[in-house]
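>>> need a 3D model of the sequence below.
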Amino acid sequence: MATAAHPDPTNHTKFDLKPFKIDLSSKVPHLKTLVSNTRLPAKPLYPDLGPDKGIQLEFLSSLKEEWVTSYDWDAEQAKLNEFKHFTAVIEGLTVHFIHEKSADTDAIPVILLHGWPSSFHEFTPVIKPLTQCWTNAAGKKVSFNVVVPSLPGFMFSSLPAVNWTTDDTARIFNTLMTDVLGYPKYAVHATDWGCVVGYSLYSTFTTTVRAAQFAFIPFAPPSREQMAAENITLTAEQNVTVARQSAASKTGLGFRDMQTNKPNDVGLSLYDNPVGQLAWMGGKIKLCAVRPPARARPPSQLTSTAILTSVSLYYLTDSFLSSLWIYVANPEAFSSVYTNKAASAAAPMLFSQYKYNVAYWPEEFVAKVGNLVSYTGALRSRLIPRVRKLIGLDLKYAVHDFGGHFPGLDNPPAVIADIHEVAAYWKV
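Predicted structure coming up:
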């Protein structure tokens, strides 16, 4: 039988497992020509409009100029190729993934799952640190074997069938971890759409997924009325956060309806338009990583280079259009009914509520959908005793100063700390 240390060598042939190298440089001259020739207005139509009206002209113009004059794709590609990339064919789909192993034979296998408009690139700041040995509070040395796949239809993973769901993706990713790589047990960490896939893994593959750490859950954030019905009283600071996120949901989610109902209108219009893709995706990446107050430590690490690399990957791999189909095939992905689909799973679930995420979930609601053992929040709550009673466990509660929807790019140290915490609950 395959094990984490000794995967079945016949699987290399069965799944056509191959090393992979990124080589997109030949497409860059065309990209730069298009970017250089794209005209933008000399000034905003109306000054002093905030980001709720979309990407701001000054920001877009600055990124466009950097893309042409100083952004170095070859250098960024070389950094990406420092990781060990592979492809495997599972159920007829080519799946691209990074696989970096610790030197420790007892390392915990973990799969990191991205969303949209993100990619495997989101996790590059945390991969190598996670493979390094770290001593936890109990004095135990811990490290991880890290697997970072590209979702089907994203980057170097092939396009799935039109009705392919996130449950289907969960199934082939479980095959990737268990049959291709030989990990009989593993942990999950996920953001955005990755959390939809990750929760499917957590709730379905209960014998193989032995811990899950989420920064998002596939359930609609509760309304104030729902929270009031649960006797949840928000602090003044929590009220500000909920109000901000409620406003963002009213003005910032129009793209979701477009991508769900009219993906070709968006995808074909911007297919060979890198500045258009930058405007569509770059503003969302920036908005989801609001720069924190100066007192926050460490400061936000999101850079213009990271945004340009994220968008370049979509453009150069021709996957902008195909990536939109995850919305089409999963229109009901975010349920308003909180149901513990993992009721039979004893595996621990950990959750991080980043301060600048696009949605807010109180710990009471997160505890409804899994075996919640740790809630890391931006705002200290008075409600922890209630949750302890609800789940029958001592719930660990901590605070991140900041971080947004894609914390791997915005606050890598916090993501590393979140995943390190999995070790405290890891049991095979």
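>>> setting aside sequence neighbours, what's the nearest residue to residue 335?
Spatial nearest neighbour of residue 335, chain neighbours left out: residue 219 (5.4 Å); criterion: C-beta to C-beta, 6 or more residues apart in numbering. For the C-beta atoms, the positions are set from N, CA and C on the backbone; glycine is no exception.
>>> for that neighbour, give me the pLDDT.
Looking at residue 219, its pLDDT stands at 91.
>>> mind starting the numbering at 25 from now?
Fine by me, first position is 25 from now on; the one you just mentioned is residue 243.
>>> can I assume it is in contact with residue 360?
Yes - the criterion here is C-beta atoms under 8 Å, and residue 243 meets it with residue 360 at 7.3 Å.
>>> these two: who's more crowded?
Per other C-beta atoms under 10 Å, whichever of residue 243 and residue 360 has more neighbours is residue 243, with 22 against 11.
>>> next, the more buried one: phi, psi?
phi -140, psi 140 (degrees, to the nearest 10).
>>> likewise residue 213?
According to degrees, to the nearest 10, residue 213 has phi -130, psi 140.
>>> how about the one 3 residues further on?
Note on residue 216: its backbone torsions stand at phi 50, psi -130 [degrees, to the nearest 10].
>>> could you export the longest helix anywhere in the chain as CSV, CA atoms only?
Scanning the chain for the helix with the most residues, using DSSP state H, yields helix 260-275. The C-alpha trace of helix 260-275 is given here as CSV (Å, rounded to 0.1, in the frame of the first residue of the first chain):
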residue,chain,number,x,y,z
ALA,A,260,-19.0,48.8,18.8
GLU,A,261,-16.0,47.8,16.8
GLN,A,262,-17.7,44.6,15.5
ASN,A,263,-20.6,46.8,14.5
VAL,A,264,-18.3,49.0,12.4
THR,A,265,-16.8,45.9,10.7
VAL,A,266,-20.2,44.3,10.0
ALA,A,267,-21.5,47.6,8.6
ARG,A,268,-18.5,48.0,6.3
GLN,A,269,-18.8,44.4,5.1
SER,A,270,-22.5,44.8,4.6
ALA,A,271,-22.0,47.9,2.4
ALA,A,272,-19.3,46.1,0.4
SER,A,273,-21.7,43.2,-0.2
LYS,A,274,-24.2,45.6,-1.7
THR,A,275,-21.8,47.3,-4.1
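>>> what pLDDT, on average, does that helix get?
On average, helix 260-275 scores 75.
>>> mind listing what's buried in that helix?
262, 265-266, 269, 272 (16 or more other C-beta atoms under 10 Å).
>>> can you put those in TSV and add distance to residue 64?
Supplementary listing: these in TSV, determined by distance: C-beta to C-beta, whole Å:
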residue	distance to residue 64
262	39
265	34
266	35
269	30
272	25
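>>> between the residues you listed, which is nearest residue 142?
residue 272 (17.7 Å; C-beta to C-beta).
>>> just give the closest residue to the closest one, not the sequence neighbours.
residue 382 (5.9 Å).
>>> quick one: the strands in the stretch 25-174 of the chain?
Counting by DSSP state E, counting those that start in this stretch, the stretch 25-174 of the chain has strands at residues 42-44, 109-114, 117-124, 132-137, 158-159, 165-166, 168-173.
>>> residue 249: which of the buried residues of helix 260-275 is nearest?
So of those, ranked by how close each gets to residue 249 (C-beta to C-beta), first place is residue 266, at 12.0 Å.
>>> so what's that closest one closest to, chain neighbours aside?
Using C-beta to C-beta, 6+ apart, the closest residue to residue 266 is residue 384 (5.3 Å).
>>> can you confirm that neighbour is in a strand?
No - residue state for residue 384 (DSSP: H, G, I helix; E, B strand; the rest coil) corresponds to coil; a strand is not indicated.
>>> now do the contacts for it.
245, 262, 265-266, 269, 377 (C-beta atoms under 8 Å, 6 or more residues apart in numbering).
>>> can you verify my assumption that residue 68 contacts residue 83?
No - assessed by C-beta under 8 Å, residue 68 is found out of contact with residue 83, at 11.0 Å.
>>> what about these two, which has more around it?
For residue 68 versus residue 83, neighbours defined as other C-beta under 10 Å are more numerous around residue 83 (17 against 12).
>>> pretty sure the more buried one contacts residue 309?
No - under the criterion of C-beta under 8 Å, residue 83 is not in contact with residue 309, lying 11.1 Å apart.
>>> what lies in contact with stretch 60-71?
80-82, 84-85, 88, 92, 297-299.
>>> just send these back as JSON lines, with pLDDT, distance to residue 202 and neighbour count too.
Output for those, formatted as JSON lines (pLDDT from 0 to 100; distance: C-beta to C-beta, whole Å; neighbours: other C-beta atoms under 10 Å):
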{"residue": "80", "pLDDT": "89", "distance to residue 202": "46", "neighbour count": "15"}
{"residue": "81", "pLDDT": "94", "distance to residue 202": "49", "neighbour count": "17"}
{"residue": "82", "pLDDT": "93", "distance to residue 202": "49", "neighbour count": "10"}
{"residue": "84", "pLDDT": "95", "distance to residue 202": "44", "neighbour count": "18"}
{"residue": "85", "pLDDT": "96", "distance to residue 202": "48", "neighbour count": "15"}
{"residue": "88", "pLDDT": "98", "distance to residue 202": "44", "neighbour count": "20"}
{"residue": "92", "pLDDT": "97", "distance to residue 202": "45", "neighbour count": "16"}
{"residue": "297", "pLDDT": "98", "distance to residue 202": "41", "neighbour count": "17"}
{"residue": "298", "pLDDT": "98", "distance to residue 202": "38", "neighbour count": "24"}
{"residue": "299", "pLDDT": "98", "distance to residue 202": "42", "neighbour count": "24"}
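>>> hmm, which two among these are most spread apart?
82 and 297 (20.0 Å).
>>> off-centre distance for the helix or strand where residue 218 lies?
Assigned by DSSP states H and E, residue 218 belongs to helix 217-228. Per C-alpha atoms, centre = their mean, to the nearest Å, the displacement of helix 217-228 from the mean C-alpha position of its chain is 12 Å.
>>> what's it in contact with?
135-140, 142, 175, 190-191, 193-195, 197-198, 212-214, 233, 236, 238-242, 350, 354, 357-358, 365-366, 369, 371, 373, 393-394.
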